[in-house]
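[1] I'd like to go over a predicted model; first the sequence, then the structure.
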Amino acid sequence: MQDVKQLELILQQDGIVFLTYGGFLTQSLIVGMTDALEREAENSELSMKISNNIFTIFIELAQNMMNYSKKVSSEDFDPKGLILVGKNNNGNYYVLSQNILDEKDKQKIEPKLKIIKKSTKDELKKLYREARKSGKNTHEKGGGIGFYEIAKRCEEIKYEFISIPEDTTKYYFKFKAILGKV
């Protein structure tokens with residue numbers, strides 16, 4: 001029930017939610033959810049730019065959850081997570097995700113997120129180009145260019161790693177990309 005209460009709190013704080021999914025993720029499920037988002041974007045008459053940014057961020061975060069999620073108290077891979085797409089009370093669209101990571105993945109991701117968080121848009125573009133040119137981490141698990149892609153397409157990112165009491169080597173990884181207003 002704690003998870004339901006957390007979801008209710010998110011909904012109260014963040015306003016309208018267009019898509020919510022929690023559970024096992026597959027590539028075909030992501031495609032289906034993207035189709036649902038596309039219909040919602042058409043119904044809401046979103047601009048092509050906002051729609052494309054939402055889709056790209058959603059896909060990047062969903063794939064991160066598929067590639068990194070772990071089970072609590074186990075090293076087993078477990079492609080589960082929570083993902084929300086909505087519009088907050090300030091009129092900004094957002095994509096929020098949560099999944100479980102192990103210490104190793106946290107150590108890969110956190111330094112990049114710290115750099116991204118303090119970078120300007122121009123610096124992000126440069127970092128993105130450098131990462132693409134290097135070829136390092138572009139087609140494998142490792143927190144490659146996906147977070148740069150997300151940061152280029154949104155106004156702000158927020159993230160946190162919350163230690164899991166039952167397994168101190170695992171963390172809830174919460175990530176929120178906030179896009180501009182329509």
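    Arrived safely.
[2] How about the secondary structure of Cys154?
    At Cys154 the chain is in coil, as set by DSSP: H, G, I helix; E, B strand; the rest coil.
[3] Not counting sequence-adjacent ones, nearest residue to it?
    Ala177 (4.3 Å; C-beta to C-beta, 6 or more residues apart in numbering). To be clear about C-beta, it is placed using only N, CA and C from the backbone, and glycine gets the same treatment.
[4] in terms of contact, does the one you found touch Glu149 like I think?
    No - counting by C-beta atoms under 8 Å, Ala177 stays clear of Glu149, with 10.3 Å between them.
[5] neighbour count winner among those two?
    With other C-beta atoms under 10 Å as the criterion, Ala177 and Glu149 differ in neighbour count, and Ala177 comes out ahead with 27 against 19.
[6] Which residues does that one form beta bridges with?
    Beta-bridge partners for Ala177, by DSSP bridges, are Val95, Ile157.
[7] gap between it and Phe55?
    12 Å (C-beta to C-beta, to the nearest Å).
[8] same question, Gln63
    Applying C-beta to C-beta to Gln63 and Phe55 gives a distance of 12 Å.
[9] again with Glu160
    Distance, Glu160 to Phe55, by C-beta to C-beta: 25 Å.
[10] Those two: which is more packed in?
    With neighbours defined as other C-beta under 10 Å, Glu160 and Phe55 compare such that Phe55 has more, 17 against 12.
[11] which ones are touching the more buried one?
    Shown in contact with Phe55 (C-beta atoms under 8 Å, 6 or more residues apart in numbering): Thr34, Leu37, Glu38.
[12] Can you point out the buried residues in the helix or strand harbouring it?
    Element membership for Phe55 (DSSP states H and E) is helix 48-68. Residues of helix 48-68 classed as buried by neighbour count (16 or more other C-beta atoms under 10 Å): 50-51, 53-68.
[13] what's whichever helix or strand comes after that helix packed up against?
    Per DSSP H and E, the first helix or strand lying C-terminal to helix 48-68 is strand 80-87. Counting contacts by 3 or more C-beta pairs under 8 Å, 6 or more residues apart in numbering; DSSP states H and E, strand 80-87 is packed against helix 2-14, strand 16-24, helix 48-68, strand 92-102.
[14] Those into JSON lines, with extra columns for distance to Lys121 and mean pLDDT?
    As requested, the helices and strands packed on strand 80-87 are exported to JSON lines (distance: least, C-beta to C-beta, whole Å; pLDDT from 0 to 100):
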{"stretch": "helix 2-14", "distance to Lys121": "24", "mean pLDDT": "62"}
{"stretch": "strand 16-24", "distance to Lys121": "26", "mean pLDDT": "74"}
{"stretch": "helix 48-68", "distance to Lys121": "13", "mean pLDDT": "87"}
{"stretch": "strand 92-102", "distance to Lys121": "17", "mean pLDDT": "90"}
